[in-house]
Structure formats: structure tokens, C-alpha cells
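**Q** Return a 3D structure for these sequence lines:
(one chain, ligands or ions: 1)
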Amino acid sequence: MQGVSETPSVSQTPPAPRVGVVMGSRSDFATMEAALDTLAQLGLPYEVRVLSAHRTPELLASYAARAQRLNFTCIIAGAGGAAHLPGMLAAFTRVPVLGVPVQSRALSGQDSLLSIVQMPGGIPVATFAIGPAGAKNAALFAAAMVAGSDDGVRQHLDAFRHQQTQAVLDEPFFEGH
Ligand code: RP5
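**A** All right, here's what the predicted structure looks like:
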């Protein structure tokens, strides 16, 4: 139509995921949300799945193969209790697995931590802190893995660090008496 600028119909395909975020149960979401928020902040596209080593073992195996086929940078895997999800994923793929121990009700996540960190030599899983801090750091670690070859992610990561440094520097001093 003349005189009316039409909005171009450009189909916006979302960027392909580069990080897989998986968790053993929906109940892990409150913990793993910290990873999702951080990945979004750092401009690192991700996908999210609930997968269980004991409830959906076949799906776990096919997901691990898919992550390798799609050349994911890493898989961030959170699980609680007898947390074999990260180790089993690592067994099925050479994509680096970053394990996040979810705080369990029974043992406050000590069980999750030891299950994930104590991999026998041969199949590594990088293990982070228990709970949301671990999920957040796993996302930051994923960003650091690609920052050397991705200027956009590097800038986001540098900005994140600068902001948290500045937040401390901006704290007022409280003088004692
Ligand atoms: C693990 O068992 C999950 O990762 C979760 O942390 C824990 C409890 O799962 P739900 O009973 O809440 O589904 O497999």
C-alpha cells in the first residue's frame, strides 16, 4: 500500500542452543533457574530439559548423543540425592558436563555433592557448589569456556564482572565508634 510503510515479514528464528541445561526433576527448577537467568544475561543460548538417570535412562542416553551431534559447548546438569545424572550424561558424551548438586531434603545436598564430585578417574564431571550458587557459577563457567572465541559473550562476561565489582565498591563505609 502506497504511503504506508509495511513491517517487513522477517521470520526471527531463535539462535541455536549452545548449552544444554538438564535437571533430574521439575523440583530442581528452583535451583537451576539461577543457571538459566545467568546464561540469558550472558547472551548464551540454551535449552532446558528434565531428564532422569533412573526414571528416563533411554532419554538420557539419546539426549547426550544429541548434545554431541549438535556440538554443544557443555551440558549443565543438576540433580539431588543419589545424583548420578551428570556422571551418566558424561558417560554417553564427550561434551563437557558441569554438575550442580541440588540441595536435598534428607542430607542438605551433601549426598548430591559427593555423588557428583567423586567420579572415578576416566569420565570427568566438573562439579560446582551446592544449590543456586553452583548453578550460577556453572553458567559463568560455560561463558568463560566460549569467551575466548566469542566476542559477544566475552563482553557480557566482562560487564557482569565489572558490575559486581562496582557493586562492592559502591557500598558505603560504616565507621565504628
Ligand atoms: C533427583 O531426585 C532429582 O534430581 C531431585 O533432586 C531428587 C528428588 O526428585 P523428586 O522426587 O522431587 O522428583 O532425581
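**Q** Is E47 in a helix, a strand, or coil?
**A** The three-state assignment at E47 reads strand, by DSSP: H, G, I helix; E, B strand; the rest coil.
**Q** what's the distance between it and the ligand?
**A** As judged by Cβ to the nearest ligand atom, to the nearest Å, E47 and the ligand stand 18 Å apart. C-beta: built from backbone N, CA, C; applies to glycine.
**Q** Tell me where the chain has helices.
**A** For the chain, applying DSSP state H gives helices covering 29-41, 57-69, 85-92, 110-117, 132-147, 151-169.
**Q** helices or strands up against the third one?
**A** Using 3 or more Cβ pairs under 8 Å, 6 or more residues apart in numbering; DSSP states H and E as the contact definition, the elements that helix 85-92 packs against are strand 19-23, helix 57-69, strand 74-80, strand 97-102, helix 110-117.
**Q** likewise the first one?
**A** Under the contact criterion of 3+ Cβ pairs under 8 Å, 6+ apart, helix 29-41 touches strand 19-23, strand 46-50, strand 74-80, strand 97-102, helix 132-147.
**Q** The first one vs strand 97-102, what angle?
**A** Relative orientation of strand 19-23 with respect to strand 97-102: 30 degrees, computed using axes from the mean of the first three to the mean of the last three Cα atoms, to 10 degrees.
**Q** swap in the second one?
**A** For strand 46-50 against strand 97-102, the angle by the same axes, to 10 degrees is 50 degrees.
**Q** Flag every residue of the protein that's near the ligand.
**A** G24, S25, S27, D28, S52, A79, G80, G81, V102 (Cβ under 6 Å from any ligand atom).
**Q** Is it possible to get TSV of the helices and strands packed on helix 29-41 that adds mean neighbour count and mean pLDDT?
**A** Compiled in TSV, the helices and strands packed on helix 29-41 are given as follows (neighbours: other Cβ atoms under 10 Å; pLDDT from 0 to 100):
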stretch	mean neighbour count	mean pLDDT
strand 19-23	26	98
strand 46-50	17	98
strand 74-80	29	98
strand 97-102	30	98
helix 132-147	22	98
